[in-house]
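Peer 1: Starting from these lines, generate the structure:
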Amino acid sequence: MFDTGQAKLIVEYVDPGDPEAAGLVARFTAFSFTVTNMEATLNDLRKLGIEWLGIAERQTWGGLLSHFKDPDGNILTLVEYP
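Peer 2: Residues are numbered from 1 along each chain as shown. Modelled structure (predicted):
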């Protein structure tokens, strides 16, 4: 469960063998979670075994982005604004 400030996002397991789940697993998810300290957040999540898709990258607009996979293979994004 992620506390987003105004809402909570709950990431739940979906059985990929369930016909009703077809198309819901391992697709890009357009959610970005804002963090105030990318390095500290990455260190905390690494301890939980999160699979990262690369290092946090500085963007042309000054912020940092980092992408990771949830347990079902969905891609989520962390963003640190300048």
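Peer 1: Next one, pLDDT for the residue in the chain sticking out farthest from the centre please.
Peer 2: Of all residues in the chain, Pro19 sits farthest from the chain's C-alpha centroid, using CA atoms, centre = their mean; the distance is 24.9 Å. At Pro19, the predicted lDDT confidence score is 80.
Peer 1: for the chain, which spans come out with low pLDDT?
Peer 2: Along the chain, the model assigns pLDDT under 70 to residues 1, 7-8, 10, 12, 23-30.
Peer 1: And the helices in it?
Peer 2: Counting by DSSP state H, residue ranges of the helices within the chain are 38-46.
Peer 1: mind listing the strands for it?
Peer 2: When secondary structure is read from DSSP state E, the chain shows strands at 2-3, 8-9, 28-34, 51-52, 57-58, 64-69, 75-80.
Peer 1: so who does the residue lying closest to Gln59 once chain neighbours are set aside touch?
Peer 2: On the basis of CB to CB, 6 or more residues apart in numbering, the spatially nearest residue to Gln59 that is not a chain neighbour turns out to be Leu65, at 5.9 Å. (Each C-beta comes from the backbone N, C-alpha and C, glycine too.) Contacts here follow CB atoms under 8 Å, 6 or more residues apart in numbering; on that basis Leu65 touches 32, 56-57, 59, 77-79.
Peer 1: one more time with 6 Å, if that's ok
Peer 2: The neighbours of Leu65, taking CB atoms under 6 Å, 6 or more residues apart in numbering as the test, are 57, 59, 79.
Peer 1: which residue sits closest to the first one, ignoring its sequence neighbours?
Peer 2: Looking back up the chat, that one is Glu57. Leu65 (5.7 Å).
Peer 1: Mind checking the strands of the chain for the one nearest to Ala40?
Peer 2: strand 75-80 (10.1 Å; CB to CB).
Peer 1: Measure how that closest one sits relative to strand 64-69, angle-wise.
Peer 2: Orientation check (axes from the mean of the first three to the mean of the last three CA atoms, to 10 degrees): strand 75-80 against strand 64-69 gives 160 degrees.
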